[in-house]
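Q: Provide a 3D model corresponding to the input given below.
(one chain, ligands or ions: 2)
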Amino acid sequence: MQIFKFGGTSVGRPERMHQVAELVQSGQERKIVVLSALSGTTNSLVAIGNALFAKDNALARTLIEELFEHYLDFYTELVESTEAQAKALKIIETHFSFIRSLPGHFFNNRLNKELLAQGELMSTKLFTTYLHEQGVKAQLLPALDFMLINDEQEPDIAFSSAKLTELLSTYEDTKLFITQGYICRDHEGEVSNLSRGGSDYTATLIGAAVKAEEVQIWTDIDGLHNNDPRVVENTFPIPELSFDEASELAYFGAKILHPTSIIPSQRFNIPVRLKNTMEPQAAGTLINAKFTATGAVKAVAAKDGITAIKIRSNRMVLAYGFLRRIFEVFEKHKTPIDMITTSEVAVSLTIENTDKLEEITKELSLFGQVQVDTDQSIICVVGDFGEEKVGIATKVLDALVDTPIRMISYGGSDYNISLLVNSNHKTDTLVKLNNFLF
Ligand SMILES: Nc1ncnc2c1ncn2[C@@H]1O[C@H](COP(=O)(O)OP(=O)(O)O)[C@@H](O)[C@H]1O
Ligand SMILES: N[C@@H](CC(=O)OP(=O)(O)O)C(=O)O
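A: Ligands and ions are numbered 1, 2, ... in the order given. Below is the predicted model:
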């Protein structure tokens, strides 16, 4: 079994969906195809939800009709026959009749999650309609029947595995299955999701659940590049990465992969291949358990929206238990720490989620002086930094002689150096690293 995932950019235009239909028919392998919503749809649904929360029904209605128009244009170019067009229109009208029912009524988080699920529900149904019009045998598998998260938002792979085994055996003669990325049910059976960009995660979770040979993530670029192609020119795809390297890059900003998507693949040792829908012959990037020692830097990524917190206290000198007390504050407020550096008189650390910043700062100030700096970026440099390697860290720092660096974290793993800079310096830092390291 292979899992193919196509993101919003790969299904965002009718001609792209036609191309995707060709790609999923290649080869003899049984496939589960995971689709995201058409590009822009989830953003529109988020905006509609925000308008509804703000009780701005007029804005919500305008946004809904704009999105509806987009789908009307889309389906007429997607399918041709009168029968298929009637089916596609029915799908769109059914989903929009739910969306249109929302303004003017009580709106809450549950309804919002249902609203956000409409994009993937429509894209998969429209795609299956097109495949059927083309005479292709394909079965739609509703993700809401087999994707489940518990009360800690953790996906239940064992549940998905049992459900999928049952579902797949019902369609023994079918080779092609279509399902929704991103959406799932929560522990109370309500519609939920795996957070923004979560379709990659759906694909690797399904891969783990059915013990797939490979998960292929198809997008609009030919693999994971050595630097952020949105910021830096002349980047190039990396042919092979280990699970650990890919995880670091995804977590620290390489948008091509959802940060958590490597976890199930690594746990069940299922290779992930990143491919370009627009250029299928390009090799892309293969992510697997193998670590290739290169003695060099492989890639750089950056993550914005970081807040740095420094706690300064003389009581730290020769004291033990100080760090534990600091960590307990973050644990209590369920706030993950990304980077940490310490000296004898101060601890600096970074967080992304600032929902509980006020409470955290208040509690930390009991231990010493607290300084908070927002608008920071983590620059993550991934490469072969084993302790026996010399000179690579120097190269990274040499590239940044003129850059004010707020924090440096080195030695946490054999393949990562993280730097914290003010976000004003992000682009400049990425360009300098690109020019100097590659
Ligand atoms: N290091 C990187 N390598 C490749 N692409 C990257 C990297 N960093 C950011 N990107 C961006 O990620 C985009 C693909 O991710 P995304 O928009 O989520 O695709 P999809 O819609 O297929 O899910 C690319 O168009 C590219 O601009
Ligand atoms: N549609 C969802 C899930 C997703 O993963 O989308 P994409 O694959 O286009 O990044 C979102 O926009 O968050």
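Q: Within range of ligand 1, give me the residues from the stretch 1-150 of the chain.
A: Counting by Cβ under 6 Å from any ligand atom, the stretch 1-150 of the chain comes close to ligand 1 at 7, 8, 9, 10, 36, 39. All C-beta spots, glycine's among them, are computed from the backbone N, C-alpha and C.
Q: Quick check: the second one touching residue 39?
A: To tie it back to what came earlier, the one meant is residue 8. Yes: contact criterion Cβ atoms under 8 Å: residue 8 and residue 39 qualify, at 3.6 Å.
Q: residue ranges for the helices of the stretch 301-438 of the chain, please.
A: For the stretch 301-438 of the chain, helices defined by DSSP state H, counting those that start in this stretch occupy the ranges 322-332, 357-364, 392-399, 426-437.
Q: In the stretch 51-200 of the chain, which residue sits nearest ligand 1?
A: residue 197 (5.7 Å; Cβ to the nearest ligand atom).
Q: Can you find the helix or strand of the protein with the lowest average pLDDT?
A: helix 392-399 (a mean of 88; mean pLDDT, DSSP states H and E).
Q: What residues of that one count as buried?
A: Of the residues in helix 392-399, 392, 393, 396, 399 count as buried by neighbour count, 16 or more other Cβ atoms under 10 Å.
Q: can you check stretch 274-292 too?
A: So for stretch 274-292, counting by 16+ other Cβ under 10 Å, buried means 274, 275, 276, 277, 284, 285, 286, 287, 288, 291.
Q: quick one: the fifth one and residue 330, what's the gap?
A: Here the criterion is Cβ to Cβ, to the nearest Å. By it, residue 284 lies 37 Å from residue 330.
Q: likewise the second one?
A: For residue 275, the distance to residue 330 equals 38 Å [Cβ to Cβ].
Q: Touching, residue 88 and residue 78? I think so.
A: Yes: using Cβ under 8 Å, residue 88 is in contact with residue 78, at 6.5 Å.
Q: shared neighbours of these two, anything?
A: 126, 129 (Cβ atoms under 8 Å, 6 or more residues apart in numbering).
Q: just to revisit the earlier point, tell me what the least confident helix or strand of the chain is packed against?
A: strand 297-312, strand 416-422, helix 426-437 (3 or more Cβ pairs under 8 Å, 6 or more residues apart in numbering; DSSP states H and E).
Q: Just send those back as TSV, with mean neighbour count, distance to ligand 1 and mean pLDDT too.
A: Formatted as TSV, the helices and strands packed on helix 392-399 follow (neighbours: other Cβ atoms under 10 Å; distance: least, Cβ to the nearest ligand atom, whole Å; pLDDT from 0 to 100):
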stretch	mean neighbour count	distance to ligand 1	mean pLDDT
strand 297-312	21	6	95
strand 416-422	22	15	95
helix 426-437	18	10	94
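Q: Go through the ones you listed and name the closest to ligand 2.
A: Comparison of the helices and strands packed on helix 392-399 against ligand 2 by Cβ to the nearest ligand atom identifies strand 297-312 as nearest, at 16.3 Å.
Q: Can you give me the distance of the residue of the stretch 201-350 of the chain at minimum distance from ligand 2 to residue 49?
A: Distances between the stretch 201-350 of the chain and ligand 2 by Cβ to the nearest ligand atom are smallest at residue 258, namely 6.5 Å. From residue 258 across to residue 49, the span is 21 Å (Cβ to Cβ).
Q: Among these two, which residue is more densely surrounded?
A: residue 258 (25 against 21; other Cβ atoms under 10 Å).
Q: For the more buried one, which non-adjacent residue is closest in space?
A: Spatial nearest neighbour of residue 258, excluding adjacent residues (Cβ to Cβ, 6 or more residues apart in numbering): residue 200 at 3.9 Å.
Q: tell me the contacts of that neighbour?
A: Counting by Cβ under 8 Å, 6+ apart, residue 200 has contacts 5, 7, 181, 217, 257, 258, 261.
Q: Please identify the helix or strand for it.
A: helix 199-209 (DSSP states H and E).
Q: tell me what whichever helix or strand comes after that helix is packed against?
A: Downstream of helix 199-209, the first helix or strand assigned by DSSP H and E is strand 214-219. Packing partners of strand 214-219 (3+ Cβ pairs under 8 Å, 6+ apart): strand 2-6, helix 8-11, helix 199-209, strand 272-276.
Q: Between strand 2-6 and strand 214-219, find me the angle.
A: In terms of direction (axes from the mean of the first three to the mean of the last three Cα atoms, to 10 degrees), strand 214-219 departs from strand 2-6 by 10 degrees.
Q: Okay, angle between strand 214-219 and strand 272-276 too, please.
A: 30 degrees.
Q: do strand 214-219 and ligand 1 meet?
A: Yes: using Cβ under 6 Å from any ligand atom, strand 214-219 reaches ligand 1 at residue 219.
Q: Report the separation between residue 231 and residue 302.
A: Distance from residue 231 to residue 302, by Cβ to Cβ: 7 Å.
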